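Peer 1: sequence? don't have it. structure:
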């Protein structure tokens, strides 16, 4: 069964304190792994797509990496405006369904 | 600008009432999806449609119905059979093939009066 697990559920960081969010997945064949950011009361905003193990993508203070079993979202020197829920999703080969994790709620304290 | 429009932003349902959530996209995408989001439970798939006049049940379809009469539109009806409808509802679209991302609307918060 295709499954996505994110950890931790919640993370509080001081401004400037770097950390990583984890997304572990089980899928028959990976077509793509997606990271989204979601602010309260809004729709998810796309961040990254990763397709194969070893791939990395960066955007400002965020860097996403992928292995055969998990993905990490590294946050370097976070700012309060990075506070949000970060969602991970996978798409399996041969299908158009997307499987979402429960998200990590990040709070960055000034 | 292309995107997905959900309306209304907030919706209130009385006991025994059916309500319909609107979702329109101008991205020319073939596939459209409805997700329900409850605190701490992530996104759960209600229904999805890969082509006009065709749709499939997701993991939590009971108490919901959809239609796909036009490529641009995928309305969701929350029926009186859905006993716990209070949630944040998200509509999404995808071009229908390949490994591109899902595009999301801004969501509808449904509450029970």
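Peer 2: In hand now; what should we look at? In this text, all values refer to a predicted model and were calculated from it rather than measured experimentally. Numbers count the residues shown, from 1 in each chain, chains lettered A, B, ... in the order given.

Peer 1: Count the neighbours of residue 74 for me.
Peer 2: Looking at chain A here, since you left the chain open. 15 (other CB atoms under 10 Å in any protein chain shown). Placement of C-beta: from N, CA and C, glycine included.

Peer 1: wrong chain, I was asking about chain B
Peer 2: 28.

Peer 1: Against residue B:8, how distant is it?
Peer 2: 16 Å (CB to CB, to the nearest Å).

Peer 1: With residue A:100 instead?
Peer 2: Distance of residue A:100 to residue B:8, given as CB to CB: 24 Å.

Peer 1: okay, and for chain B, where does confidence drop off?
Peer 2: Across chain B, the ranges flagged by pLDDT under 70 are B:1, B:99.

Peer 1: can you do 80?
Peer 2: Filtered on pLDDT under 80, chain B yields the residue ranges B:1-2, B:40, B:96-99.

Peer 1: can you pull out the strands in it?
Peer 2: B:4-7, B:10-13, B:19-25, B:31-37, B:43-51, B:54-57, B:64-66, B:76-78, B:87-94, B:103-104, B:108-112 (DSSP state E).

Peer 1: Could you do chain A as well?
Peer 2: Along chain A, counting by DSSP E, strands occupy A:3-7, A:10-14, A:19-26, A:30-38, A:45-50, A:56-59, A:62-66, A:70-75, A:84-92, A:98-100, A:104-109.

Peer 1: Mind putting the strands of chain B into CSV with distance to residue A:10 and mean neighbour count?
Peer 2: As requested, the strands of chain B are exported to CSV (distance: least, CB to CB, whole Å; neighbours: other CB atoms under 10 Å in any protein chain shown):
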stretch, distance to residue A:10, mean neighbour count
strand B:4-7, 27, 17
strand B:10-13, 26, 14
strand B:19-25, 29, 19
strand B:31-37, 16, 25
strand B:43-51, 18, 20
strand B:54-57, 32, 14
strand B:64-66, 30, 20
strand B:76-78, 30, 20
strand B:87-94, 18, 24
strand B:103-104, 22, 22
strand B:108-112, 22, 17
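
Peer 1: Is the most centrally placed residue in chain B bridged to anything, and to what?
Peer 2: For chain B, residue B:34 is the residue whose C-alpha lies nearest the centre (CA atoms, centre = their mean; 2.9 Å). Going by DSSP bridges, residue B:34 is paired in beta bridges with residue B:47, residue B:91.

Peer 1: Contact partners for residue 102?
Peer 2: Going with chain A. By CB atoms under 8 Å, 6 or more residues apart in numbering or on different chains, the residues touching residue A:102 are A:5-6, A:9, B:40-42.

Peer 1: My question was about chain B, not that one.
Peer 2: Each residue near residue B:102 by CB under 8 Å, 6+ apart is listed here: A:34, A:46, A:89, A:98, B:33, B:92-94.
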